[in-house]
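Asker: 3D, please:
(4 chains)
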Number of protein chains: 2
Amino acid sequence: MQPVRNDIHNSPIPVLCQSCEARHQGFCGALTPEQLLALSRHTRRVHHDAGDELLADAEPITSYGNVLHGVVKLSKILEDGRQQVVGLQFAPDLLGRLFANESRVTAEAASDVDLCLVPKAAMETLVRENPALEHRVMLQTLRELDEARDWMVTLGRKTAAEKVASFLYLIASHIDPTGEVTTFDLPLGRGDIGDFLGLTIETVSRQMTKLKADGVVEIENHRHVSVPDLARLRVRCG
Amino acid sequence: MQPVRNDIHNSPIPVLCQSCEARHQGFCGALTPEQLLALSRHTRRVHHDAGDELLADAEPITSYGNVLHGVVKLSKILEDGRQQVVGLQFAPDLLGRLFANESRVTAEAASDVDLCLVPKAAMETLVRENPALEHRVMLQTLRELDEARDWMVTLGRKTAAEKVASFLYLIASHIDPTGEVTTFDLPLGRGDIGDFLGLTIETVSRQMTKLKADGVVEIENHRHVSVPDLARLRVRCG
DNA sequence: CGATAGTTTGAACAAACTCAAGACACGTGG
DNA sequence: CCACGTGTCTTGAGTTTGTTCAAACTATCG
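Answerer: Numbers count the residues shown, from 1 in each chain, chains lettered A, B, ... in the order given. Below is the predicted model of the structure:
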């Protein structure tokens, strides 16, 4: 029998969690090994393909999801079909609105996504009994609010050129916060980028072409781009 | 000597708080009379005139403020002066970002405003020691996030006419959530409404004129408007 | 190699912006 | 009480930006 690997608390960590990339940064980091073990009996790891709907607007939430891998697109849709992307979630964000009976957004897998699903009731009990956990989620919520407000400036006050530059900058800095990335994959197609920026697909495409012509980005294959000089891109964000 | 009025806990409430309109709905509602008494030794009630700056973007926060009366405008400004209003706060909202060293927005009194100021250190201690309090602030933060995302749809995907209707509807439904208001004061002038909606002052003015011509609103004196039929306004929000 | 979904490009159009002038409300002083 | 000045709002004309509609292109996959 192989010895169970212990962490600093010197207590066993559930096997499934041991190899989990999200365990330290995600909300589970606020849990003791015992709590983690109890929780892990209810969780289940699932995979979704790009395009799968994860949550529907105005529908009850049955499970919360910890994003382990991939990008989740949060959006809202008007009656006549106009769509606005209102947020992107990356690992290790928590998916699903706490303390509400229904989701306030549609959530869709923008890329292939791995989630750690936590049943609604289990999550809510855990949060109620564990202030440190609520604190972690509070920090994520505050960050999301900051991001939403930053994005409101982009939506309300920037030109199409600045919007597209801002989007590329957002993705680039998310992939490598140190600011040294040069090449990466876009998590969204042109249409979704337009829905994020409040632009049409054609305008996004034209601005991408212009950025390429100006040598600010190199476009390998529509989804894959290179930014030789992040500062040059930053300047274009307005 | 007059008997001190007790609440359900049968414990004395600080004199200043007894008459406070924000006490039950605001974050202080999560405190026991003892905690409220301890807190009230550090708080101070202040008045600000319309136009006063309450917090500056990227500046340290020295005090949090509980909005007791009036409307606070939260905005962000680009280097070249373009401004975007990213939120409005009403009583009994908490002003000031928790768990950050600096404000992420500029806060300005949109109308005359009364605040209950809580020193930064006292507030943070209180939050740390009192999960119920953090929970209250969490609920406010989640509501603000929902509002920000709703507003992103307005900014990114609605026409000028729909934007102005949405703004009037927002204010009307905030003043009377039952949906029976017909007449109210706008907390912002045309310029600030434009900065909220991502429009110019001229476009806001033209759309207001059109709404008046269509009989959806009556405009008494620029700041004071009447909405005879809220449903008619609602339809124009897109 | 052809089908398909996603993307790019072009030309005409519409929405909102800019600039400029005029109207209105409100407070101040005659 | 009225004339005046200031700040805010409205209105108009012309321009710009981004959209719409239509067609061509390009990756990718069976």
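
Asker: so residue A:150: helix, strand or coil?
Answerer: Per DSSP: H, G, I helix; E, B strand; the rest coil, the secondary structure class of residue A:150 is helix.

Asker: quick check: it touching residue B:76?
Answerer: Yes: Residue A:150 sits in contact with residue B:76 when judged by CB atoms under 8 Å, with a separation of 7.4 Å. C-betas here are computed from N, CA, C, even on glycine.

Asker: between those two, which one's more packed in?
Answerer: Counted by other CB atoms under 10 Å in any protein chain shown, residue A:150 and residue B:76 do not tie: residue B:76 has more neighbours, with 21 against 16.

Asker: which non-adjacent residue is nearest that one?
Answerer: Nearest residue to residue B:76 in three dimensions, chain neighbours excluded: residue A:153, at 4.9 Å (CB to CB, 6 or more residues apart in numbering or on different chains).

Asker: which helix or strand contains the one you found?
Answerer: The secondary structure element spanning residue A:153 is helix A:131-157 (assigned by DSSP states H and E).

Asker: hmm, that helix in reach of DNA strand D?
Answerer: No: contact between helix A:131-157 and DNA strand D is absent, the nearest approach being 10.4 Å (criterion: CB under 7 Å from any atom of the strand).

Asker: list the contacts for residue A:67?
Answerer: Counting by CB atoms under 8 Å, 6 or more residues apart in numbering or on different chains, residue A:67 makes contact with A:22, A:89-95, A:113-115.

Asker: out of those, which one sits closest to DNA strand C?
Answerer: Lowest distance from DNA strand C to the contacts of residue A:67 (CB to the nearest atom of the strand) belongs to residue A:113, with 16.7 Å.

Asker: next, that closest one: phi, psi?
Answerer: phi -130, psi 140 (degrees, to the nearest 10).

Asker: look up how far residue A:225 lies from the closest residue to it other than its chain neighbours.
Answerer: Nearest non-adjacent residue to residue A:113, counting by CB to CB, 6+ apart: residue A:70, 3.4 Å away. Separation of residue A:70 from residue A:225 (CB to CB, to the nearest Å): 18 Å.

Asker: who's in contact with the residue nearest the centre of chain A?
Answerer: Closest to where the C-alpha atoms of chain A average out (CA atoms, centre = their mean) is residue A:89, at 1.1 Å. Taking CB under 8 Å, 6+ apart as the definition of contact, the neighbours of residue A:89 are A:67, A:71-72, A:74, A:95, A:107.

Asker: what's across from it in the sheet?
Answerer: Using DSSP bridges, the beta-bridge partners of residue A:89 come out as residue A:72.

Asker: would you mind listing what in chain A touches DNA strand C?
Answerer: Chain A comes close to DNA strand C at residues A:189-191, A:201-202, A:204-206, A:208-209, A:219, A:222-223, as judged by CB under 7 Å from any atom of the strand.

Asker: from those, which land in helices?
Answerer: Among those, the residues falling in helices (DSSP state H) are A:190-191, A:201-202, A:204-206, A:208-209.

Asker: what about chain A, any weak spots by pLDDT?
Answerer: Along chain A, the model assigns pLDDT under 70 to residues A:1-11.

Asker: buried residues, the strand or helix carrying residue A:34. List them.
Answerer: Under the criterion DSSP H and E, the helix or strand holding residue A:34 is helix A:33-40. For helix A:33-40, the buried set under the neighbour-count rule, 16 or more other CB atoms under 10 Å in any protein chain shown, comprises A:33, A:35-37, A:39-40.
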